[in-house]
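# could you look at this predicted model? Sequence included:
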Amino acid sequence: MPERVRPSDRRVFSFALAAIICAKFVLVFLGAGNPQNPLDFLRPVDDAYISYRYAENLAHGFGLEYNPGERVEGGTSIALIALLAPFSLAGIRRIDFVAVVLSLLASAGTVTLASRYLRERTTGLIGRAEAFVLAFLTLSTCVLVWAWAGMETSIFAFVWLAGVLRHLRESEREDWPWASALLTVAAGLLHPDGVLLAPILGLSWLFPFTKTRAVRGVVYGAIVVALFGGYWLARWTYFGYPMPNTFYAKVGSGADLFRAGFTYIRVAVFSTLVPLATAFYALKTIKGWRSWPREVWIFLGAATIYVLYVMKVGGDFYPFHRFFLAALVLLTLAGWRLRGISGKTSGGPASRKAWALVVLAIAAMNVWSYFYTFQGLIHRDLQRVVKNFAATGVAMRDSMPENTTVATLPIGALGFFSKLRIHDMMGLVDLHIARLPRDATRGVVGHEKFDHAYTLSKRPEAIVVLPSLYTDDNAGYEKWLNENALAPSQYRIYEQSALREEYRLAKLPVRKKLVAYGFLRKELVGTPDYDKWTAMSDADNDLAFATPSRAAAHPLHGKSFGIWTFK
């Protein structure tokens, strides 16, 4: 931006959106750590496709159901589903592209709101400190990854910040809190824990205490309770249980879960670094805490309550901490405000040279974030297979009857593109598995629950564990076996005698010289409806059933990398 120019919202939004898009092309050019397919690093994550399938089914009259006829709440973002459903109804098949666009717009919107806040608290010029804040909220790895991930994450962060900033304006003017209440409800619809903003903003109306402010606080709380509470009762009535099925599938109790959540937050803090700067300035100004401005308390309060919640539920298995993004935005702004309180100045209008140095500094931070606890490498491998899941889903849709039931994990892209009935082996859309007791020894956080005996009792036509693509040769088969030996939810199915007795290992051609491996019920092998599948040899079949032993000897077995532990 030119020096000494007060940037308008439109200008900031345009610059932020352009920067986020350009950053992707830079990563593509550099290979993003994956020369084989650099686009893998920034694409919709697999879990996002679960919401897409709900949106598609809702648009086509099946209701909020993943499998038509099965009323199970396997998605936690009713707002994202509602946003995408009209596009599906309009005939847009690739609503995953629409979701990415919405996420990109929300990311640029977050930067715009932050810029407006900075202008209101300064002379309106962009100094070096403000340049760092805006560049960080545009280009940091956490922001970039989730801006392109096609989930509700970036939209949620935008709405959370909008709710906080709107509340500040209402509080300063003692306006009626209609807008902040509606934004709080919107955050809850994007993700249920979004209503954690309510106690922070509600309590804020009581300081300083006056009758007028107390009334407005009551009105704010009443709106949130009425609207979000009404929605919650409606979804409870519709689905028949108080919490989303994903909560039962992923969340439990125990000290180990809190430790996992603490590790998740620790990795988030030390990979993004900015929260450490915020903590430094908070400690530096702690003696004058009584004079901290209202926004500092609200930023820190909202970030703290959300961080505590994330720790309570154990965090997440995705690297780059999507559950930390909303808190990170608030902590960044809190750090900037506390820096000013500590006596630091913005350093004058930011020149082009200053902007360049800021961007280089953030690029260096991103490199650190990428390699810290191997987050980038793990994320790369998680993303590498999403396009393969999609291709396998298309091949299965075109080669199997539409009433086929496929037991699989994961269920995102495969389910969305296959259009087949899916049995989720980890319970996101299955009531029985979701309500099993949580066993911390059985996998990474959120993936501990499975019941392979129950899965086999459902007698699905096909069981496809890890529906990725592999070369149609011994090396490809060996790679599939090795990748199946990493998670208990994958390799422990081979302990079930019913799998050997009732199913046959087979391969499905998907692309030229690339196949997917899975199991078909024996009576279906070679039948006209499943003739695209080719049965594997007895020797290959025996190798598959030796996977538990292979898992015990795997070089990664028992090792931990931040939020990931291979058990």
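Sure, I can see it.

# against the centre of this protein, work out the most remote residue.
Lys211 (41.5 Å; C-alpha atoms, centre = their mean).

# just the helices in the stretch 351-500 of the chain please.
Along the stretch 351-500 of the chain, counting by DSSP state H, counting those that start in this stretch, helices occupy 352-371, 375-384, 386-399, 412-418, 431-434, 452-457, 474-483, 488-491, 497-502.

# chain center to the last one, what's the gap?
So that's helix 497-502. 36 Å (C-alpha atoms, centre = their mean, to the nearest Å).

# and if you look at the second one?
Averaging C-alpha coordinates over helix 375-384 and over its chain gives two centres that are 14 Å apart (C-alpha atoms, centre = their mean).

# give me the buried positions along that helix.
Buried residues in helix 375-384, counted by 16 or more other C-beta atoms under 10 Å: 375-376, 378-380, 382-384. The way it works is simple: take the backbone N, C-alpha and C, and place the C-beta from them, glycine included.

# and the angle for that helix with helix 352-371?
Orientation check (axes from the mean of the first three to the mean of the last three C-alpha atoms, to 10 degrees): helix 375-384 against helix 352-371 gives 70 degrees.

# now do helix 375-384: which elements does it pack against?
Applying 3 or more C-beta pairs under 8 Å, 6 or more residues apart in numbering; DSSP states H and E, one finds that helix 375-384 contacts helix 352-371.

# swap in 10 Å and give it another go.
Applying 3 or more C-beta pairs under 10 Å, 6 or more residues apart in numbering; DSSP states H and E, we find helix 375-384 packed against helix 141-147, helix 255-272, helix 352-371, strand 560-561.

# what angle separates it from helix 474-483?
120 degrees.

# okay, helix 375-384 in CSV with CA atoms only?
Listed next in CSV are the C-alpha coordinates belonging to helix 375-384 (Å, rounded to 0.1, in the frame of the first residue of the first chain):
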residue,chain,number,x,y,z
GLN,A,375,2.9,-30.5,10.8
GLY,A,376,3.4,-29.6,7.2
LEU,A,377,4.6,-33.1,6.2
ILE,A,378,1.7,-34.7,8.0
HIS,A,379,-0.8,-32.3,6.4
ARG,A,380,0.7,-32.9,3.0
ASP,A,381,0.2,-36.6,3.3
LEU,A,382,-3.4,-36.1,4.6
GLN,A,383,-4.1,-33.9,1.6
ARG,A,384,-2.2,-36.0,-0.9
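
# quick check: mean pLDDT of it?
For helix 375-384, mean pLDDT is 88.

# low-confidence ranges, this structure, go.
Where the chain drops to pLDDT under 70, the residues are 1-6, 28-42, 253.

# ok, and the closest non-adjacent residue to the spatially most central residue of it?
Nearest to the geometric centre of the chain sits Arg322, at 5.0 Å (C-alpha atoms, centre = their mean). Spatially, and ignoring its direct neighbours in sequence, Arg322 is nearest to Thr153 (4.5 Å; C-beta to C-beta, 6 or more residues apart in numbering).

# need the helices for the stretch 151-300 of the chain, in chain order.
Under DSSP H, counting those that start in this stretch, the stretch 151-300 of the chain gives helices at 153-173, 178-190, 197-204, 211-239, 245-250, 255-272, 274-284, 294-313.

# want to try JSON lines for the ones you listed, with distance to Pro68 as columns?
Below are these laid out as JSON lines (distance: least, C-beta to C-beta, whole Å):
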{"stretch": "helix 153-173", "distance to Pro68": "27"}
{"stretch": "helix 178-190", "distance to Pro68": "24"}
{"stretch": "helix 197-204", "distance to Pro68": "35"}
{"stretch": "helix 211-239", "distance to Pro68": "15"}
{"stretch": "helix 245-250", "distance to Pro68": "16"}
{"stretch": "helix 255-272", "distance to Pro68": "34"}
{"stretch": "helix 274-284", "distance to Pro68": "44"}
{"stretch": "helix 294-313", "distance to Pro68": "30"}
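
# among those, which comes closest to Ser103?
Nearest to Ser103 among these is helix 153-173; the distance by C-beta to C-beta comes to 4.4 Å.

# which elements pack onto that closest one?
helix 78-89, helix 95-120, helix 141-147, helix 178-190, helix 197-204, helix 211-239, helix 294-313, helix 325-341.

# that one to helix 78-89, inter-axis angle?
120 degrees.

# restrict helix 153-173 to CA atoms and write it as CSV.
Below are the C-alpha coordinates for helix 153-173, written out as CSV (Å, rounded to 0.1, in the frame of the first residue of the first chain):
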residue,chain,number,x,y,z
THR,A,153,-13.3,-22.6,9.9
SER,A,154,-12.5,-19.3,8.2
ILE,A,155,-16.1,-18.2,8.1
PHE,A,156,-16.4,-19.0,11.8
ALA,A,157,-13.3,-16.9,12.6
PHE,A,158,-14.8,-14.0,10.6
VAL,A,159,-18.1,-14.1,12.4
TRP,A,160,-16.5,-14.4,15.8
LEU,A,161,-14.4,-11.3,15.1
ALA,A,162,-17.4,-9.5,13.7
GLY,A,163,-19.4,-10.3,16.8
VAL,A,164,-16.7,-9.0,19.2
LEU,A,165,-16.1,-5.8,17.2
ARG,A,166,-19.8,-5.1,16.9
HIS,A,167,-20.2,-5.6,20.6
LEU,A,168,-17.4,-3.1,21.3
ARG,A,169,-19.2,-0.5,19.1
GLU,A,170,-22.5,-1.2,20.9
SER,A,171,-20.9,-1.1,24.3
GLU,A,172,-19.2,2.2,23.6
ARG,A,173,-22.4,3.8,22.4
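
# count of neighbours near the residue lying closest to Asn366 once chain neighbours are set aside?
The shortest distance from Asn366 to any non-neighbouring residue, by C-beta to C-beta, 6+ apart, is to Thr141 (4.5 Å). Close neighbours of Thr141, defined as other C-beta atoms under 10 Å, add up to 25.

# what do you get for Leu80?
Counted with other C-beta under 10 Å, Leu80 comes out at 27.

# same check, this time on Arg500
15.

# ditto for the one 5 residues further on
When counting by other C-beta under 10 Å, one arrives at 24 neighbours for Leu505.

# same check on Leu325?
Residues near Leu325, counting by other C-beta under 10 Å: 26.

# before we move on, what about the one 10 residues further on?
When neighbours are counted by other C-beta under 10 Å, Gly335 registers 26.

# for the residue nearest to the centre of the chain, give its distance to Pro44.
13 Å (C-beta to C-beta, to the nearest Å).

# now the common contact residues for those two.
Common neighbours of Arg322 and Pro44, counting by C-beta atoms under 10 Å, 6 or more residues apart in numbering, are 149, 151.

# could you find the closest non-adjacent residue to Arg121?
That would be Arg337: by C-beta to C-beta, 6+ apart, it lies 7.1 Å from Arg121.

# my guess is the one you found meets Leu118, correct?
Yes: with contact defined as C-beta atoms under 10 Å, Arg337 reaches Leu118; the gap is 9.5 Å.

# ok, now how distant is Leu233 from Val274?
Distance from Leu233 to Val274, by C-beta to C-beta: 39 Å.

# okay, the two: which has more neighbours?
Under the neighbour definition other C-beta under 10 Å, Leu233 and Val274 were set side by side, and Val274 has more, 23 against 11.

# how much space separates that one from Phe280?
10 Å.

# touching both of the two, which residues are there?
Between them, Val274 and Phe280 share the contacting residues Gly335, judged by C-beta under 10 Å, 6+ apart.

# ok, for Ser489, nearest residue in space, not its chain neighbours?
Using C-beta to C-beta, 6+ apart and skipping the chain neighbours, the partner closest in space to Ser489 is Phe450 (4.7 Å).

# what about the one you found, distance to Val269?
31 Å.

# the more surrounded of those two?
Phe450 (25 against 20).

# how near is the more buried one to Met426?
6 Å.
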